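A.B. asks: return a 3D structure for these sequence lines:
(one chain, ligands or ions: 1)
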Amino acid sequence: MEETITHIEYTVETAQQLLTMEEPDVQMLYKLADTTRREHMGDDVYIRGIIEFSNICANNCLYCGIRAGNGKVTRYTLSADEILEAASVMATGHQMTVVLQSGETPALGDEALGAIIRRIKKETPLAVTVSVGNRPRDTYRYWKECGMDRYFLRFETSDPGLFLRLHPGSTLQERLSCLADLQDLGVQTGSGFMIGLPGETLHILAQNILLCRELDLDMIGIGPFIPHPDTPLGEKKNTYDDNREMFFKALAVLRIFNPDAHIPATTAYDAVFPGKGRDLALQRGANIFMPNNTPACYRKDYLLYPDKPGVDDSADQCLGSAVVRIRALGRTVGKGPGHSIKGACVAPSPGKAV
Ligand code: SF4
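C.D. replies: Numbering: from 1, shown residues only. The predicted structure is shown next:
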């Protein structure tokens, strides 16, 4: 079996075959993913701090806890000064990237967000990742001119019919077109998908992994589907509820198929495997950790899924725990912004980033 997985063809069929591996062979899959990560990305784990700056969204993605139709959510938008304050604290620690995330409606207008990006780049040494959904190409271009280094936009599923059912009024083609615009503009581009969505087959999961490879992404974020009670999918189960090892198998195959991409150990892994999910993810292909830096008073209002870990912790506690966990695995905390190793597309930094 080892020979099989060290001489792989990057096809849907191969991905599907790897995803169906069971013990004890699956340990070889994890070992190959970890070796691939070490050889291509090294032992550094980069820490990227997230600021969830607004939970306002016009969309109604069926799985999302902050969807427009959820009237139980208290809506908020951080002021520019609140965002800058959180980012400035970040820069004094090990977090050299700030990820600015919100719902898809421009709670802050394009120019207001552009001004915040400029301020962060001018006043801190941080790299800036933005994650605010589908936007026009000209908006992406404008934010890049403001200093945006990276953009993160998950396609969630590679199946056009399933995408349409989950995202009323939006198509997979539109999402892929946004990703193409970002790459064309030279923005470091990230995407990814959910594992175990209702209606997702093993073939679709394998296709998701292959699509990531075909898109040649700089970053790839994946995580288990976790039903939120206040959404239309609240009563549904994850396809792999009885086979949760699949969440790690998907991560391992993703790493093997995408050796040069930054892959975070997403918080959702800790939600499914409390206290150890992200550690295991880091040992099975991941190389990024993303502590929450949203001011504590807003965290409980940004629940994309229930029982999200870290909601009651301070930013210091989230960062401290990340560093301890990384070092306990024998890994090192990455210095500098941890840009794409694919090179070509690093935005000029007026700050002190290296
Ligand atoms: S997943 Fe994103 S775009 Fe969809 S409803 Fe949630 S915040 Fe809005």
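A.B. asks: for the stretch 201-350 of the chain, which segments count as helices?
C.D. replies: Remark: helices assigned in the stretch 201-350 of the chain by DSSP state H, counting those that start in this stretch are 202-215, 245-257, 267-272, 277-282, 296-299, 315-328.
A.B. asks: nearest to the ligand, out of those?
C.D. replies: helix 267-272 (13.0 Å; CB to the nearest ligand atom). C-beta here means a position set from N, CA and C on the backbone, and glycine is covered the same way.
A.B. asks: picking that back up, can you put the helices of the stretch 201-350 of the chain in CSV and add mean pLDDT and distance to the ligand?
C.D. replies: As requested, the helices of the stretch 201-350 of the chain are exported to CSV (pLDDT from 0 to 100; distance: least, CB to the nearest ligand atom, whole Å):
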stretch, mean pLDDT, distance to the ligand
helix 202-215, 98, 16
helix 245-257, 98, 19
helix 267-272, 94, 13
helix 277-282, 97, 21
helix 296-299, 90, 14
helix 315-328, 87, 21
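A.B. asks: want to throw those helices into TSV with mean neighbour count?
C.D. replies: TSV is the format used below for those (neighbours: other CB atoms under 10 Å):
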stretch	mean neighbour count
helix 202-215	21
helix 245-257	24
helix 267-272	22
helix 277-282	23
helix 296-299	15
helix 315-328	17
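A.B. asks: tell me how many other residues crowd the residue of the stretch 201-350 of the chain found nearest the ligand.
C.D. replies: Closest approach of the stretch 201-350 of the chain to the ligand (CB to the nearest ligand atom) occurs at residue 304, with a separation of 6.3 Å. Neighbours of residue 304 under the rule other CB atoms under 10 Å: 21.
A.B. asks: residues in contact with it?
C.D. replies: Contacts for residue 304 (CB atoms under 8 Å, 6 or more residues apart in numbering) come out as 64-66, 228.
A.B. asks: same check, this time on residue 260
C.D. replies: Residues counted as contacts of residue 260 (CB under 8 Å, 6+ apart) are 40-41, 341-342.
A.B. asks: now do the contacts for residue 53.
C.D. replies: 77-78, 83, 100-102, 107-108, 294.
A.B. asks: can you add neighbour count, distance to the ligand and secondary structure and give these back as JSON lines?
C.D. replies: Formatted as JSON lines, the contacts of residue 53 follow (neighbours: other CB atoms under 10 Å; distance: CB to the nearest ligand atom, whole Å; DSSP: H, G, I helix; E, B strand; the rest coil):
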{"residue": "77", "neighbour count": "16", "distance to the ligand": "13", "secondary structure": "strand"}
{"residue": "78", "neighbour count": "22", "distance to the ligand": "15", "secondary structure": "coil"}
{"residue": "83", "neighbour count": "25", "distance to the ligand": "18", "secondary structure": "helix"}
{"residue": "100", "neighbour count": "25", "distance to the ligand": "13", "secondary structure": "strand"}
{"residue": "101", "neighbour count": "21", "distance to the ligand": "9", "secondary structure": "strand"}
{"residue": "102", "neighbour count": "24", "distance to the ligand": "8", "secondary structure": "strand"}
{"residue": "107", "neighbour count": "20", "distance to the ligand": "11", "secondary structure": "coil"}
{"residue": "108", "neighbour count": "22", "distance to the ligand": "14", "secondary structure": "coil"}
{"residue": "294", "neighbour count": "25", "distance to the ligand": "14", "secondary structure": "coil"}
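A.B. asks: how about the residues you listed in JSON lines, adding distance to residue 130?
C.D. replies: Compiled in JSON lines, the contacts of residue 53 are given as follows (distance: CB to CB, whole Å):
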{"residue": "77", "distance to residue 130": "15"}
{"residue": "78", "distance to residue 130": "14"}
{"residue": "83", "distance to residue 130": "12"}
{"residue": "100", "distance to residue 130": "5"}
{"residue": "101", "distance to residue 130": "8"}
{"residue": "102", "distance to residue 130": "9"}
{"residue": "107", "distance to residue 130": "13"}
{"residue": "108", "distance to residue 130": "11"}
{"residue": "294", "distance to residue 130": "15"}
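A.B. asks: so which of these comes closest to residue 269?
C.D. replies: Checking the contacts of residue 53 against residue 269 with CB to CB, the nearest one is residue 101 at 17.8 Å.
A.B. asks: how far away is the closest one from residue 333?
C.D. replies: Note on residue 101: its distance to residue 333, by CB to CB, to the nearest Å, is 22 Å.
A.B. asks: could you do residue 171 as well?
C.D. replies: Using CB to CB, residue 171 is found at 40 Å from residue 333.
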